[in-house]
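**Student:** Structure, please.
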Amino acid sequence: MSIRTDLNALLLEELFQMYTDAEIRMMEKVAKRVKRGVTEIGWTEEKLGDVRQLRKEIEATMGNANRLAKAKLSKGIISAYFSGVASANKDHGIPASIMKDLKLPAHLQRLVLEANNLIDGTSIQILRHTQDVYRSVMAEANTSTLMGVDTRVEAAQRSLNMFAAKGITGFVDTVGRRWDMASYVEMAGRTLTAHAALQGHFDRQGEIGNDLVIVSSFGTTCPICAPWGGKVLSISGKTAGYSTLDQAKSAGLFHPNCKHTITAYFPEIDEPEQRHIHQRQYNPEKYDQIQEQRYNEIQIRRWKRTEAAAITPVDQKRARQKVAYWQARQRAHIQATGLKRKYGRENPNRAR
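**Tutor:** Okay, here's the model as predicted:
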C-alpha cells in the first residue's frame, strides 16, 4: 500500500495560510509606521526610534503563529510516521492492532526537534529581515530627499515596493534554493512529514524482514525524480540486482517538496513485466502547466503584499490592478489546462 501523500494536506494548508497572513500583517505594520508623519520635519529620527516598538509588534505577530505551528507540525510528523508504519503493515496483511505498543523512536524525536528548531530559526530570520528592511527604507528616503532625487514619500514607497516584491526572504533549503516565508514553512512541513512517513514505512519493513520497495510514479513529477518512478529499491543495499535507497536519495529522490512515496515490493508476485502497473508516463507538459499555475499564484501574492505596503493612493490602485491582471491570467490558464484552481494559495486570510 502506497503511503498517502495527502495525509497532511490540511496541516500544510494551515501553515501556508498562517505565515502568508503573518507576512501581510507585517507589511502593513511597516508601511503604517513609515507613512506616519512622512512629510514632517524630524521624521527620520522619529522613525529610527520606532525600531524597538516595531520589533515588539513583529514578535507578537509571530509568537502565536510559531507556537501553533510547532504544535501542529510536531503532531503531524508523529501521525505521518505511524501512517508509514500502518502502510507497511497493510502491505504484509498485518492487523493495525500491532501498532498499539509502538513507541517514538529516537530518529522520530529528532525529526520533531528539527521541526521546532526550524520554526524558531524562521522567527529569528523574519525579525532580522523586517528590521533591516525598515532601516533601509528610512535610509533610502532620507538620502534621496537630501540629494533632491525624490520626495520622501516617493523614495519610501519605492523601497517598500521592493520589500513587498520579494516578501520576507532569506530562507534557503538544503540544496541552496531560496524561498519566501510562507512557501518555506510549507515546504519544510511537507518535507519533514513526508520523511517521517517514509521512515515509518522503512522501519516497519525492516522489522518484518522485507528489503525491497517500489517508488510511486505519476506523470507530473519533476525531471529529477522522473527516472525513479516505478523503480525497485533495496532499503539496506544488501539485495543484489537493485539500486539502493541511498543511491536514489543521492540522485535527488525525496528532495524538499517531493511527493513520491513507496510500497513494499515482492519479487515473487510483482514480476518485472508487471511493473508497468506501478509506472505512469512522465508528462513534462503537464508538469510545466502546474509550474505556470504556481508562478501565477506567486505573482498574485506579490501584488497583494505590494497593496499592503502602499502608502499612497496611486500605488495602492496600481497594486490592485496588478492583482486583477494576474487573477485574470490565472483564470485563463485554469480554463485552458483543466487544472484545479487553489484559491488558498492566492488569497491569504486578512484577519485582524
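
**Student:** which residue of this protein sits farthest from its center?
**Tutor:** Most distant residue from the mean C-alpha position of the chain: Ile41, 43.0 Å away (CA atoms, centre = their mean).

**Student:** quick one: secondary structure of that residue?
**Tutor:** Local secondary structure at Ile41 is given as coil here, using DSSP: H, G, I helix; E, B strand; the rest coil.

**Student:** show me where the protein has strands.
**Tutor:** Counting by DSSP state E, residue ranges of the strands within the chain are 171-172, 178-179, 212-215, 232-234, 243-244, 262-264.

**Student:** mean pLDDT lowest for which of the ones you listed?
**Tutor:** When mean pLDDT is averaged over each of the strands of the chain, strand 171-172 scores lowest at a mean of 71.

**Student:** Indicate each strand paired with it and its parallel or antiparallel sense.
**Tutor:** The partner list of strand 171-172 in its sheet, established with DSSP bridges, is strand 178-179 (antiparallel).

**Student:** Off-centre distance for the strand it pairs with?
**Tutor:** When distances are taken as CA atoms, centre = their mean, to the nearest Å, strand 178-179 is centred 9 Å away from the chain's centroid.

**Student:** now do stretch 64-78
**Tutor:** The gap between where stretch 64-78 is centred and where its chain is centred comes out at 14 Å by CA atoms, centre = their mean.

**Student:** coming back round to it: in CSV, list the strands of the chain along with distance to Lys286 and mean neighbour count.
**Tutor:** Yep, even glycine has a C-beta here, placed from its N, CA and C like the rest. Shown next, in CSV, are these (distance: least, CB to CB, whole Å; neighbours: other CB atoms under 10 Å):
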stretch, distance to Lys286, mean neighbour count
strand 171-172, 28, 18
strand 178-179, 24, 16
strand 212-215, 19, 24
strand 232-234, 25, 21
strand 243-244, 26, 16
strand 262-264, 22, 24
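
**Student:** tally of neighbours for Ser250?
**Tutor:** Neighbour count of Ser250, defined by other CB atoms under 10 Å: 9.

**Student:** Asp50 now?
**Tutor:** Other residues within reach of Asp50 by the criterion other CB under 10 Å amount to 16.

**Student:** Count residues in the vicinity of Met187, would you?
**Tutor:** For Met187, the neighbour count with other CB under 10 Å is 19.

**Student:** Now it: closest residue in space, sequence neighbours ignored.
**Tutor:** Nearest residue to Met187 in three dimensions, chain neighbours excluded: Asn257, at 4.9 Å (CB to CB, 6 or more residues apart in numbering).

**Student:** how about the one you found, what does it touch?
**Tutor:** Counting by CB atoms under 8 Å, 6 or more residues apart in numbering, Asn257 makes contact with 187, 190-191.

**Student:** Show me the protein divided up by domain.
**Tutor:** Structural domains assigned to the chain are 1-208, 211-282, 289-352, following automatic domain parsing.

**Student:** what about this structure, any weak spots by pLDDT?
**Tutor:** Across the chain, the stretches falling below the confidence threshold (pLDDT under 70) are 1-7, 44-45, 48, 96-102, 144-150, 169-170, 173-175, 269-282, 348-352.

**Student:** will you turn the strands of the chain into a markdown table that also has distance to Leu104?
**Tutor:** Formatted as a markdown table, the strands of the chain follow (distance: least, CB to CB, whole Å):
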| stretch | distance to Leu104 |
| --- | --- |
| strand 171-172 | 28 |
| strand 178-179 | 29 |
| strand 212-215 | 23 |
| strand 232-234 | 26 |
| strand 243-244 | 27 |
| strand 262-264 | 21 |
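
**Student:** Would you work out how far apart the start and end of stretch 166-176 are?
**Tutor:** By CA to CA, to the nearest Å, the extent of stretch 166-176 from end to end equals 17 Å.

**Student:** can you offset everything so residue one is 888?
**Tutor:** Fine by me, first position is 888 from now on; the one you just mentioned is stretch 1053-1063.

**Student:** in the stretch 988-1137 of the chain, which spans are helices?
**Tutor:** Counting by DSSP state H, counting those that start in this stretch, residue ranges of the helices within the stretch 988-1137 of the chain are 993-1033, 1039-1053, 1068-1095, 1132-1137.

**Student:** The third one relative to helix 993-1033, how many degrees between them?
**Tutor:** Between helix 1068-1095 and helix 993-1033, the angle comes out at 170 degrees (axes from the mean of the first three to the mean of the last three CA atoms, to 10 degrees).

**Student:** Remind me what helix 1068-1095 packs against, helices and strands.
**Tutor:** When contacts are defined as 3 or more CB pairs under 8 Å, 6 or more residues apart in numbering; DSSP states H and E, helix 1068-1095 packs onto helix 896-922, helix 938-978, helix 993-1033, strand 1099-1102, strand 1149-1151.

**Student:** Thanks a lot, catch you later.
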